[in-house]
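S.K.: coords below, sequence missing:
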Ligand code: ZN
Ligand code: ZN
Ligand code: FE
């Protein structure tokens, strides 16, 4: 029999053709395989049972990096063909299988790297079809060597032989290279002059052990690196980078080192070892070797394993166990990728630069994941995941969703897929916007998406909003404003193929509301294309606006004022760390409604409680106080929640109910006065927030009959809250859905915007 097989998914640039070739050889079948725009096309011919065996093995033994989304088959007339061939690519039209994601060094390559008898012994850039850089070295499609930054390194005869041999692990491995023909390392000063040494890697290790800061060129950008066990070195890095509270990621030598540093769960161990090699948040072991300055105030560490051969070499002689590897940038600027750029921007930060002459063409930070409520969740989507598509629950016209403001990620959608960009950082300045433009051009080209509409956040003040309107106007495209929390919930629905209506709980930091106030503690009734507000946390003032995010004591004062507390006595001022004058100024702001916008934000409620419980007056990074509040209770059992109260609301008139936090504050302040333990108070607070929203969901079910609940928003990064909500909702008979491959925070926003926009466009047709 002869059968045609059409496979779509991630099947190009991942060794799929040689794999199929080998299978066909082993099953003694004839025919061919070729790449096409949708994936690969195979025709196989031979005895029926052999063809069946071939098809079964195709799924079971597919290469590590391949992802099969669909297989379509049809029977053909036998042609009597004798051989099996790999035919050359013919790629025309819309490409749905662009460039693979970057993947960590595979075990075969790792063995060669450390084998003195291998011709690639200690070669820092070895790779094969199962591993190596992909997205970050590619200029444009199709993914072929001339289109990558490997174009300037002609292969030597030995490498070329591997590249041409379908039976070889390096058949069509585009970045294939060796000592004779590939990229080279160099260790230099900030001025570009060489640091003399016989071995750049050995010299780098010496310098790291001595406590120096070294900028190391990685796969998606430079890292700033110091020995993670050296507190003095960590402090110097923080001072030079001007980054104080925010935890730093640690690259660990191997799984044993990881286990000595963190109390890993089985799920976390599995995540650490995936080819995407994300940073994984895990609870630190007490008394580990990591310098306290790496992650002050939180019981977790973000750890990851080496993923590039160069990184393996840094750990190979076992002198180093753990390295701080933080993106080489200042604050939230884009990560540095070019050699000259790195030396110029990081000259004052790093003592030495370990770099090489393979260009990074696409900036890409490290991805961040955590096990949330028993399953992995992607918190920051970047290296190892970009540019893989995420499925959409409906057909989308070509469109662009520009995302939010902070931690920006945009998305291009077409058909049944949305392609999210890498994490782009904050869109607050022109550097951020330039990176946005650069990445947009690249991804539009990669996926040949020419947007017909542009979706943006409803917030009129976001740079992404004004940019989207301008860009759409120049091109005569339709623009769609999407409410922030509708996008959050729709994203979660779409991940689970739900079209709604569902009850959406959006527990978030900041999002512009349809009434002009700042939303963020929302119970919404959502379909993909529309939403109604069922209930929300009662509005409280944010004295000083944005300043209340940086100084949580202001938020505490706003909440306590709303809950009816007297703010002027000395004990209260002590608790908030506020002077008499500061208190009077803020109370006046609130009472006159000047520079005190109203918010229903759940994130700000966490900030306010953290300010009171932990005495944290201000923060070094967004949500720091809330994260520390979750952290302090990490070993604390669940405790009876502080009650919140549902007030008002008339669903028949679409008048939302309010969830009042006043009773929660009264009980919490009572515990504070009684000197109750802080961890216990934090546990009661988490329990109270979860219980309040479960109660609101029950009220929504009574009004609407809905029993599916989608959880979203930045507060769902809080693992205790995510678990308590799920458990509480399930106990009441709800079906609960959480984000998995899209971030619940603003990193996932553009995916949700694309979903909402596609649904709105469909409904308006
Ligand atoms: Zn490999
Ligand atoms: Zn070579
Ligand atoms: Fe948000």
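M.R.: Structure's in. What do you need? No experiment lies behind these values; they were computed from the predicted model shown. Ligands and ions are numbered 1, 2, ... in the order given.

S.K.: hmm, residue 413 is touching residue 758, no?
M.R.: Yes: contact status for residue 413 versus residue 758: in contact at 6.2 Å, counting by Cβ atoms under 8 Å. Placement of C-beta: from N, CA and C, glycine included.

S.K.: overlap of the contact sets of these two?
M.R.: Overlap of the contact sets of residue 413 and residue 758 (by Cβ atoms under 8 Å, 6 or more residues apart in numbering) consists of 392, 396, 399.

S.K.: closest to residue 265 among these?
M.R.: The shortest approach to residue 265 among those belongs to residue 392, at 31.4 Å (Cβ to Cβ).

S.K.: element containing that closest one?
M.R.: Secondary structure assignment for residue 392, by DSSP states H and E: strand 389-401.

S.K.: quick revisit: which of the shared contacts of residue 413 and residue 758 are buried?
M.R.: Among those, the ones that count as buried by 16 or more other Cβ atoms under 10 Å are 392, 396, 399.

S.K.: circling back to that earlier point, make a markdown table out of the shared contacts of residue 413 and residue 758 and add pLDDT.
M.R.: Compiled in a markdown table, the shared contacts of residue 413 and residue 758 are given as follows (pLDDT from 0 to 100):
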| residue | pLDDT |
| --- | --- |
| 392 | 94 |
| 396 | 95 |
| 399 | 97 |
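
S.K.: chain center to stretch 517-531, what's the gap?
M.R.: Relative to the chain's own centre, stretch 517-531 is displaced by 23 Å; criterion: Cα atoms, centre = their mean, to the nearest Å.

S.K.: what mean pLDDT does it get?
M.R.: The pLDDT scores in stretch 517-531 average 98.

S.K.: gap between the two ends of that stretch?
M.R.: Terminal residues of stretch 517-531 lie 17 Å apart, using Cα to Cα, to the nearest Å.

S.K.: ok, residue 427 to residue 76 distance?
M.R.: Taking Cβ to Cβ, to the nearest Å as the measure, residue 427 falls 52 Å from residue 76.

S.K.: one more: residue 191?
M.R.: Distance of residue 191 to residue 76, computed by Cβ to Cβ: 65 Å.

S.K.: tell me which of these two has more neighbours.
M.R.: Remark: of residue 191 and residue 76, residue 76 carries more neighbours, 13 against 7, as counted by other Cβ atoms under 10 Å.

S.K.: on the three-state scheme, the closest residue to residue 308 other than its chain neighbours is what?
M.R.: The shortest distance from residue 308 to any non-neighbouring residue, by Cβ to Cβ, 6 or more residues apart in numbering, is to residue 219 (5.3 Å). Here residue 219 is coil, with the state taken from DSSP: H, G, I helix; E, B strand; the rest coil.

S.K.: so who does residue 219 touch?
M.R.: Neighbour list for residue 219: 102, 133, 136, 307, 308, 360, 364, 383 [criterion: Cβ under 8 Å, 6+ apart].

S.K.: restrict those to those near ligand 2?
M.R.: When the contacts of residue 219 are checked against ligand 2 using Cβ under 5 Å from the ion, none falls in range.

S.K.: I'd like to know which elements the helix or strand following the strand holding residue 392 is packed against.
M.R.: Where DSSP H and E defines the elements, the next helix or strand beyond strand 389-401 is strand 411-420. Packing partners of strand 411-420 (3 or more Cβ pairs under 8 Å, 6 or more residues apart in numbering; DSSP states H and E): strand 389-401, helix 430-447, helix 749-764.
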